[in-house]
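Asker: I'll drop the sequence and a predicted model, then ask my questions.
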Amino acid sequence: MSADTWQEQLGVSDLGEIDESAFSGLAERHRRELHVHCYRMLGSFEDAEDTVQETFLRAWRRRETYQGRSTFRAWLYRIATNACLDLLAKCRPEPATGGEVLWLQPYPDRLLDELPAGDADDPEIVAVARETIELAYLVAVQHLAPRPRAVLILRDVVGWPAKDVAEFLGDSVNSVNSALQRARAGLREHLPAERQDWTGGDEDAGTRELVRRYADACVATDIAGIAALLRDDVRCSMPPTPGLYVGRDTVVNDWVESGFEGMKHLRAVLTFVNRQPAVAVYAWREQEGAYLPLTIDVLRVTGGAITEIVTFHNDRFPRLGLPECLPADGTE
């Protein structure tokens with residue numbers, strides 16, 4: 001909604017004249033996209049939620065400062081970006097030695113579907129929206145210093161001109177352009193080597209079949225079957241638990257040592273997280289008489305093989321909209 005539109009609809013000349021309910025109605029229209037923006041900045045679903053709430057609180061308190069020089073949406077993005085920078089300055093640790101981002105949390109596709117469609121006919125816009133929400137991108141972004149990170153996301157993902165980003169951050173255009181160059185170079189250092197070629201979460205038949213086979217092998221605790229689906233240099237991690245395992249043999253040995261082969265009575269639910277295929281695993285619990293959440297594996301598939309597995313604990317299931325249990329009879 002443009003500034004003129006909300007002024008005309010609410011019958012006021014500036015934000016300082018509207019009540020809190022009307023203001024909340026304006027802001028809520030942008031909640032999902034602001035949440036995704038903060039998530040890209042922070043890598044944490046829950047921190048993003050808190051930061052959006054802080055954004056709305058700051059916007060309400062400072063509503064009289066809105067002069068209409070930009071859209072209401074852009075004004076909220078500016079406040080949200082600065083709220084993220086404030087949080088990063090206070091409490092965000094550095095990525096672990098192996099490059100792990102231990103605070104990384106998944107983002108459910110069902111909520112990503114709430115985002116404004118944009119230009120759905122432009123393949124480049126669609127690709128940017130998909131690839132910049134994938135976990136590999138999120139991890140790479142977290143290695144950047146906060147302000148270059150903000151510049152990169154505002155310029156390359158949100159699509160603001162350098163002049164607007166400079167105004168947002170209180171910098172010069174030259175400073176923003178320099179920060180963008182540094183951020184792009186830093187991003188490339190931490191993205192997978194095949195980043196330009198992968199298809200991400202595209203639902204092609206080959207990927208669907210590969211994910212189904214992976215799920216079946218997990219349910220059967222068939223480590224040899226799982227290993228056959230992995231690329232030689234596969235990476236495996238389980239945030240917030242420290243530990244990055246690289247290479248098929250290393251990953252398989254870790255599963256063996258963890259006692260995975262001895263697990264029985266598992267079931268799997270296929271889903272999508274961060275626009276990537278994912279497999280949610282449930283384990284039978286006799287006392288409850290049901291299958292309860294165990295872990296969820298988010299997969300990156302490249303060239304017909306699994307190249308990365310990011311495993312999240314069962315506390316993520318509610319956020320992802322997954323069933324809290326699966327009954328014994330196989331129905332959900």
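Answerer: Looks like it came in fine.
Asker: Surely residue 288 is in contact with residue 325?
Answerer: Yes: the pair residue 288 and residue 325 passes the contact test of Cβ atoms under 8 Å, sitting 7.0 Å apart. (Glycine included, C-beta is placed from N, CA and C.)
Asker: between those two, who's got more neighbours?
Answerer: More crowded of residue 288 and residue 325, by other Cβ atoms under 10 Å: residue 325, with 16 against 10.
Asker: Could I get the phi/psi values of the residue lying closest to that one once chain neighbours are set aside?
Answerer: The shortest distance from residue 325 to any non-neighbouring residue, by Cβ to Cβ, 6 or more residues apart in numbering, is to residue 290 (4.1 Å). The phi and psi values for residue 290, taken as degrees, to the nearest 10, are phi -160, psi 170.
Asker: can you tell me which residues contact residue 290?
Answerer: Residues in contact with residue 290 (Cβ atoms under 8 Å, 6 or more residues apart in numbering) are 284, 325-328.
Asker: for residue 255, same thing?
Answerer: Counting by Cβ under 8 Å, 6+ apart, residue 255 touches 223, 226, 261.
Asker: Kindly report the same for residue 109.
Answerer: Contact analysis of residue 109 by Cβ under 8 Å, 6+ apart lists 271-275.
Asker: In TSV, list these along with secondary structure, neighbour count and distance to residue 189.
Answerer: TSV is the format used below for the contacts of residue 109 (DSSP: H, G, I helix; E, B strand; the rest coil; neighbours: other Cβ atoms under 10 Å; distance: Cβ to Cβ, whole Å):
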residue	secondary structure	neighbour count	distance to residue 189
271	strand	19	31
272	strand	18	28
273	strand	29	25
274	coil	25	21
275	coil	19	23
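Asker: Let's have those in TSV, adding pLDDT.
Answerer: Listed next are these as TSV, based on pLDDT from 0 to 100:
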residue	pLDDT
271	96
272	96
273	97
274	97
275	95
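Asker: what would those look like in CSV with distance to residue 36?
Answerer: Formatted as CSV, the contacts of residue 109 follow (distance: Cβ to Cβ, whole Å):
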residue, distance to residue 36
271, 18
272, 15
273, 14
274, 11
275, 11
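Asker: Which single one of those is nearest to residue 71?
Answerer: Comparing the contacts of residue 109 against residue 71 with Cβ to Cβ places residue 275 closest, at 26.8 Å.
Asker: Could you verify my assumption that the closest one touches residue 113?
Answerer: No: look at residue 275 against residue 113 with Cβ under 8 Å: they stay out of range, at 10.2 Å.
Asker: any weak-confidence spans in the stretch 101-250 of the chain?
Answerer: 118-123, 194-203 (pLDDT under 70).
Asker: please redo it, this time with the cut-off set to 50
Answerer: Scanning the stretch 101-250 of the chain for pLDDT under 50 picks out 197-201.
Asker: What ranges does this protein have for its helices?
Answerer: Along the chain, the segments classed as helices by DSSP state H run 3-10, 20-28, 31-42, 45-61, 72-91, 109-112, 123-131, 135-142, 146-152, 162-169, 173-190, 205-219, 223-227, 248-257.
Asker: out of the ones you listed, nearest to residue 233?
Answerer: helix 248-257 (7.8 Å).
Asker: Check which residues of the closest one are buried.
Answerer: 248, 251-252, 255 (16 or more other Cβ atoms under 10 Å).
Asker: what about residue 168, distance to residue 189?
Answerer: 26 Å (Cβ to Cβ, to the nearest Å).
Asker: I meant residue 309, not that one.
Answerer: As defined by Cβ to Cβ, residue 309 lies at a distance of 22 Å from residue 189.
Asker: More neighbours: which of these two?
Answerer: Relative neighbour count places residue 309 above the other of residue 309 and residue 189, with 21 against 9, counting by other Cβ under 10 Å.
Asker: In contact with the nearest residue to the more buried one once chain neighbours are set aside, which residues?
Answerer: In space, and not counting its chain neighbours, residue 309 is closest to residue 236: 4.6 Å by Cβ to Cβ, 6+ apart. Counting by Cβ under 8 Å, 6+ apart, residue 236 touches 244-246, 251, 254, 308-311.
Asker: Weed out the non-buried ones from the contacts of residue 290.
Answerer: Among these, those classed as buried by 16+ other Cβ under 10 Å are 284, 325-326.
Asker: Those into CSV, with extra columns for pLDDT and distance to residue 92?
Answerer: Listed next are these as CSV, based on pLDDT from 0 to 100; distance: Cβ to Cβ, whole Å:
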residue, pLDDT, distance to residue 92
284, 95, 39
325, 95, 35
326, 95, 36
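Asker: And these, which is closest to residue 51?
Answerer: residue 325 (31.9 Å).
Asker: Roughly how far does that closest one sit from residue 187?
Answerer: If you measure residue 325 against residue 187 using Cβ to Cβ, the figure is 40 Å.
Asker: and residue 152, how many neighbours does it have?
Answerer: Using other Cβ under 10 Å, residue 152 has 24 other residues around it.
Asker: Report the contact partners of it.
Answerer: Contacts of residue 152 by Cβ under 8 Å, 6+ apart are 141, 144, 179-180, 183-184, 187.
Asker: Compare the contacts of residue 255 and tell me which is most surrounded.
Answerer: Going by other Cβ under 10 Å, residue 226 tops these with 23 neighbours.
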